[in-house]
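1. no sequence on this one, just coordinates:
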Ligand code: PMP
């Protein structure tokens, strides 16, 4: 059986003797002296980036990499409209939310146009971690409970509270007694009836929490289960799960940090694919296309329950420059037809990869929605998840100038997540390179 991997180690490598040149080696030593033990870098031979545009990142040596890993600059790296909006606003006014500032409410009205009606109160933060931290505190205040249910390899943030509900971040995987992690909603754990199987595990977890003296406060999930290995289908499987949690008095928190902002193609949010209405929605990463911003949206009564005991203020959260970036992102998604494009190029990728999978004994499964696709890689002899092969494949793709990372419990699922502006030609380039890399990585 493969070893369970910690999320920050999944795509992070220590510099080895294969570090290519002296300049990179110097940059690396300097970096390690500055970051210390918390330094996390992609690739054994790290890449120094100097620029980016669209779906391309440009390294110091001039290599133009296709970025299939990064879902932050979701409307495209350095998108001119977002750049212009940030530049213009920072030259006018940048302050906190204790003043009335037109662009902030303009942004929130535009964002709320994408959210279901009851979720009409929004707290703006600077990171997804802050948004989830607040969501958990709101859920506890509104429900009166303390217990939280998450999935086995979930990641929800880096604060004290969110680290405790992020099994994939814990090196020793010791959970507090108020947290229960259940297997993600895939066929491996639940067979063909994912909806019933997942809900049954939630029901069991609720009973266990109650027996430990923790009434359930929340079911917290990333609605495409990114770090668990990407589980999108069948649409609707989250219904029963949410009903089960609500019947026990807990809230449903949809973490949209990864699937939100049109990535899944058919919908703007991941939870919409399942036709559910969460009590709380959190979002981040693509929200500002790289400008740090995130948010928690909920119903007024839930936020009011939290604010009875403690207020919420975030110095940088919701500053006018963030609002300008966020507004530009929403406009670009609509103007450039990016949700449609995610659906179209996502289908191209999915079909191309499925054709390769049908011929390969290394690819066990290809699944996803829009421009969020997971590819399970296995040892052809045993059929078991193969993280060593996955690393070789990631390196082989890098040789093809394509950046990609891994996810899942064993780090043997490729996480395919390019910017939403990906062209058909770029999708085809990826599929061809993937086919070649698969063969090269299999050679050893
Ligand atoms: N939720 C999910 C699903 C995430 O993937 C992440 C970041 N990887 C976070 C929350 C935390 O967001 P941030 O890094 O902005 O704090």
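-> Nice, thanks for sending it over. Because the structure is predicted, anything quoted here is derived from the model rather than measured.
2. residue 224: what's it in contact with?
-> Listed by CB atoms under 8 Å, 6 or more residues apart in numbering, the contact partners of residue 224 are 230, 231, 232, 258, 259, 263, 264, 270, 368, 369, 372. For every residue, glycine as well, the C-beta is placed using N, CA and C.
3. need the three-state assignment for it.
-> Secondary structure state of residue 224, per DSSP: H, G, I helix; E, B strand; the rest coil, is coil.
4. buried residues in stretch 179-198?
-> Residues 179-186, 189-190, 194-195, 197-198 are the ones in stretch 179-198 that count as buried (16 or more other CB atoms under 10 Å).
5. for the record, mean pLDDT for that stretch?
-> The average pLDDT within stretch 179-198 is 97.
6. from the buried residues of stretch 179-198, which is closest to residue 82?
-> residue 184 (32.8 Å; CB to CB).
7. how close does the closest one sit to residue 163?
-> 19 Å (CB to CB, to the nearest Å).
8. residue contacts, the closest residue to residue 90 other than its chain neighbours?
-> Distances taken as CB to CB, 6 or more residues apart in numbering put residue 321 closest to residue 90, at 5.0 Å, once the chain neighbours are dropped. Residues near residue 321 by CB under 8 Å, 6+ apart: 86, 89, 90, 94, 291.
9. now the residues you listed as CSV including pLDDT?
-> Shown next, in CSV, are these (pLDDT from 0 to 100):
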residue, pLDDT
86, 98
89, 98
90, 98
94, 97
291, 98
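10. report the buried members of those residues.
-> Buried among the contacts of residue 321 (16+ other CB under 10 Å): 86, 89, 94, 291.
11. ok so the third one is a helix residue?
-> No - the assignment for residue 94 is coil, going by three-state DSSP, so no helix is present there.
12. that one - nearest residue in space that isn't next to it in sequence?
-> Leaving aside its sequence neighbours, residue 94 sits nearest to residue 321 (CB to CB, 6+ apart; 4.9 Å).
13. over to the first one?
-> Sequence neighbours aside, residue 325 is the residue nearest to residue 86 in space, at 5.2 Å (criterion: CB to CB, 6+ apart).
14. re the thing from before, can you redo the buried residues of stretch 179-198 as JSON lines with secondary structure and distance to the ligand?
-> Below are these laid out as JSON lines (DSSP: H, G, I helix; E, B strand; the rest coil; distance: CB to the nearest ligand atom, whole Å):
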{"residue": "179", "secondary structure": "strand", "distance to the ligand": "15"}
{"residue": "180", "secondary structure": "strand", "distance to the ligand": "18"}
{"residue": "181", "secondary structure": "strand", "distance to the ligand": "14"}
{"residue": "182", "secondary structure": "strand", "distance to the ligand": "16"}
{"residue": "183", "secondary structure": "coil", "distance to the ligand": "17"}
{"residue": "184", "secondary structure": "coil", "distance to the ligand": "12"}
{"residue": "185", "secondary structure": "coil", "distance to the ligand": "15"}
{"residue": "186", "secondary structure": "coil", "distance to the ligand": "17"}
{"residue": "189", "secondary structure": "helix", "distance to the ligand": "19"}
{"residue": "190", "secondary structure": "helix", "distance to the ligand": "21"}
{"residue": "194", "secondary structure": "helix", "distance to the ligand": "20"}
{"residue": "195", "secondary structure": "helix", "distance to the ligand": "22"}
{"residue": "197", "secondary structure": "helix", "distance to the ligand": "22"}
{"residue": "198", "secondary structure": "helix", "distance to the ligand": "18"}
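15. helix/strand/coil for residue 171?
-> Secondary structure for residue 171, judged by three-state DSSP, is coil.
16. is it true that it touches residue 6?
-> Yes - Residue 171 is in contact with residue 6 according to CB atoms under 8 Å; the separation is 5.3 Å.
17. who's more crowded, these two?
-> More crowded of residue 171 and residue 6, by other CB atoms under 10 Å: residue 6, with 16 against 8.
18. which residues does that one contact?
-> Shown in contact with residue 6 (CB under 8 Å, 6+ apart): 168, 169, 170, 171.
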